[in-house]
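**Q** Model the structure of this input:
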Amino acid sequence: MCMYISACVVCGYTRGTRDIMTSRLHLLLAAACALALIQLASGQDKCDEKTMGMKSRQAYNFPPLDLEPGQAEWKIHIPSPPFTDECGAIIGQRALVCDYDKAPVIFFEDASTLMIQRKGELHQSVKLYFTTYFAKLG
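**A** Modelled structure (predicted):
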């Protein structure tokens, strides 16, 4: 990321100094800036999604979780939502894990454990979205 930021700084700097730099170099730096902006805008869009059990209209979405960079495999314990007794029995779960460069591989080891295997670079965080579904009461 530092490389892209410094390329954009150079782009802004070279606008007033075209007499020193050739126009080809200027265009190359401008292209680097455009590529950096496109890459920064793409974000965590390489995802894998798995479900276990059934879905229902009664659902609890856990807050998104950022998993730190540098780790290729994660074993995540899935907690119960804070108000499970009021919602009924848990009938299903959904996990969505998104990364920057390659989609991770995820699977449920059991009803309370999610396994994540990252397949790309480990320089940035990975995002976990998790939903628990409940049986309808009454």
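**Q** Please count neighbours and contacts with C-alpha atoms only from this point.
**A** Fine.
**Q** thinking Pro69 is in contact with His123, fair?
**A** Yes. Counting by CA atoms under 8 Å, a contact exists between Pro69 and His123, whose distance comes to 5.4 Å.
**Q** all strands of the protein, in order?
**A** 46-53, 59-61, 65-67, 73-77, 90-99, 105-110, 113-117, 126-134 (DSSP state E).
**Q** Start and end of stretch 93-113, how far apart?
**A** Using CA to CA, to the nearest Å, the end-to-end distance of stretch 93-113 comes to 11 Å.
**Q** and what of stretch 46-65?
**A** Taking CA to CA, the span from the opening residue of stretch 46-65 to its closing residue is 16 Å.
**Q** and it, which residues are buried?
**A** Counting neighbours by 16 or more other CA atoms under 10 Å, one finds that the buried residues in stretch 46-65 are Lys46, Cys47, Asp48, Glu49, Thr51, Met52, Lys55, Ala59, Tyr60, Phe62.
**Q** What mean pLDDT does that stretch get?
**A** The predicted model assigns stretch 46-65 a mean pLDDT of 94.
**Q** what does that stretch contact?
**A** Under the contact criterion CA atoms under 8 Å, 6 or more residues apart in numbering, stretch 46-65 has outside partners 81, 87, 91-108, 111, 127-136.
**Q** Drop anything exposed from these.
**A** Neighbour counting with 16+ other CA under 10 Å marks 81, 87, 91-108, 127-135 as buried within the contacts of stretch 46-65.
**Q** pLDDT weak spots in this structure?
**A** Across the chain, the ranges flagged by pLDDT under 70 are 1-43, 84, 137-138.
**Q** Let's see that with 50 instead.
**A** In the prediction, the chain carries residues with pLDDT under 50 at positions 1-23, 25-29, 31-42.
**Q** Domain-wise, how is it divided?
**A** Following the assignment in automatic domain parsing, the chain carries domains at 2-42, 46-134.
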